[in-house]
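Engineer: Take this sequence and fold it.
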Amino acid sequence: MEQELTIKSSRNAGRLKLSESNEAGSGRSAEYLRVSLEDHQMSASCSRVYLYERHGLAAFFVDLASQWKGWAGEKKWNSVEDDFGLSCTSDGLGHVALRVKLKSGLDDDDWFVQTVIYIDSGQLEELAVNVKAFLYSERAS
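Structural biologist: Numbers count the residues shown, from 1 in each chain. Have a look, this model is predicted:
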């Protein structure tokens, strides 16, 4: 059974879906994700987003949750190959804007999409828990 996590925007049609994209190999779990992004009349997906290590993405969401009351500036996380990126801002009033970018590859002529997923700050703790559970749910080899 494939594991997946969906993050839905609280203010628009935006939706970010992460799912496993493990490939057979060296006897250990591959560090790839399928990332899908939807909003209004746009839909895009990359099947091989390389994480290198899952801890960085999990730590990004844990950090957001630890500062649920808000923060100054922008918090960022990017995949190793920069084909998937997150940047997050807070207005200090309980609203968080998570800008998601997705690229089809490393070349200048590859496609690129982005949208904003709005999250209520009260949901950040649950989101961090769900992201960690998704990223660390290993299947038995």
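Engineer: is it true that residue 4 touches residue 20?
Structural biologist: Yes - Residue 4 is within contact range of residue 20, at 7.4 Å (criterion: C-beta atoms under 8 Å). All C-beta atoms are positioned from the backbone trio N, CA, C, and that covers glycine.
Engineer: show me the contacts for residue 90.
Structural biologist: By C-beta atoms under 8 Å, 6 or more residues apart in numbering, residue 90 lies in contact with 67, 70-71, 96-97, 121.
Engineer: Also residue 43?
Structural biologist: 36-37.
Engineer: at 10 Å what do you get?
Structural biologist: Each residue near residue 43 by C-beta atoms under 10 Å, 6 or more residues apart in numbering is listed here: 15, 36-37, 113.
Engineer: How about the backbone phi and psi for it?
Structural biologist: With angles defined as degrees, to the nearest 10, residue 43 sits at phi -150, psi 130.
Engineer: re the thing from before, of the contacts of residue 43, closest to residue 45?
Structural biologist: Sorting the contacts of residue 43 by distance to residue 45 puts residue 36 at the head of the list, at 4.2 Å, by C-beta to C-beta.
Engineer: who's in contact with that closest one?
Structural biologist: 4, 6, 15-19, 43-47, 102.
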